[in-house]
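Undergrad: Turn this into a model:
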Amino acid sequence: MKHLTLFFTMVTCLFFTFHSIAQDEPQMSEEHEMSEEHQIKFLIDTLFDGMREGDSAKVASVFHTEINMFTSYTNQEGDNMIKKGSRDLFLKAKGTLHEEIWDEKIWNTKIEIDGGIAQVWTDYAFYVGSEFSHCGVDAFHLIKDNEKGWKIIHLMDTRRKNGCETLTKQP
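TA: Numbering: from 1, shown residues only. Model prediction:
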């Protein structure tokens, strides 16, 4: 009888332990799915993780097939310039392994959503290894595909080497 009581006591303890652990884990039912904002933040993080890893498939997975890309910068004469980019060249440059990691750190990220469109505006600093390269703002427009979820359809960034003193305050 002692063994039976000990057995039931252990089973009861194990039950409550597993029950407690299971309640701490997030439930992914329909009503507890990841919020739209978290889905978009995850997508942006996936882009930068893929760039750091040199994983072109991961980088490509966040883009809509019809993505438009532009960069705004000031040339040596002080003129504002706009350069059109391409998905294929971006994937080749960013999604390729490099001798040093290409690391784009972001902060001060703002996400706005209305229905099936969203925009993300974030400050960034770009590093090659531990060496600072440039900073600016990334501006993303996203659309939500019913089958594929959120995808970046427009990406524009500014680039500068000066006026990046906020980098010292960056998390």
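
Undergrad: Unless I misread the structure, residue 43 falls within a strand.
TA: No - read with DSSP: H, G, I helix; E, B strand; the rest coil, residue 43 is helix and lies in no strand.

Undergrad: So it sits against residue 62, correct?
TA: Yes - Residue 43 lies in contact with residue 62 (C-beta atoms under 8 Å); the separation is 5.1 Å. Bear in mind the C-beta positions are built from the backbone N, C-alpha and C, glycine included.

Undergrad: What strand or helix carries the residue lying closest to residue 63 once chain neighbours are set aside?
TA: Excluding its sequence neighbours, the residue lying closest to residue 63 (C-beta to C-beta, 6 or more residues apart in numbering) is residue 152, at 5.3 Å. Counting by DSSP states H and E, the element that carries residue 152 is strand 149-159.

Undergrad: Show me the strands in this structure, by range?
TA: 63-74, 80-85, 102-114, 117-128, 131-145, 149-159 (DSSP state E).

Undergrad: Nearest to residue 55, out of these?
TA: strand 102-114 (11.7 Å; C-beta to C-beta).

Undergrad: Please save the CA atoms from the closest one in PDB.
TA: Taking C-alpha atoms only, strand 102-114 is exported to PDB below (Å, rounded to 0.1, in the frame of the first residue of the first chain):
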ATOM      1  CA  TRP A 102      27.200  42.400 -43.400                       C
ATOM      2  CA  ASP A 103      25.300  43.500 -40.500                       C
ATOM      3  CA  GLU A 104      22.400  46.100 -40.600                       C
ATOM      4  CA  LYS A 105      21.400  47.100 -37.200                       C
ATOM      5  CA  ILE A 106      17.900  48.700 -36.800                       C
ATOM      6  CA  TRP A 107      16.200  50.700 -34.100                       C
ATOM      7  CA  ASN A 108      13.400  53.200 -33.600                       C
ATOM      8  CA  THR A 109      11.100  51.000 -35.800                       C
ATOM      9  CA  LYS A 110       7.600  52.200 -36.600                       C
ATOM     10  CA  ILE A 111       5.000  49.900 -38.100                       C
ATOM     11  CA  GLU A 112       1.700  51.200 -39.500                       C
ATOM     12  CA  ILE A 113      -1.000  48.700 -40.800                       C
ATOM     13  CA  ASP A 114      -4.300  49.200 -42.500                       C
END
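
Undergrad: partners of that strand, with directions?
TA: Strand 102-114 has the following strand partners under DSSP bridges: strand 117-128 (antiparallel).

Undergrad: hang on, the earlier thing: neighbour count: residue 43 and residue 62, which is higher?
TA: Ranked by neighbour count (other C-beta atoms under 10 Å), residue 43 and residue 62 place residue 62 first, with 23 against 20.
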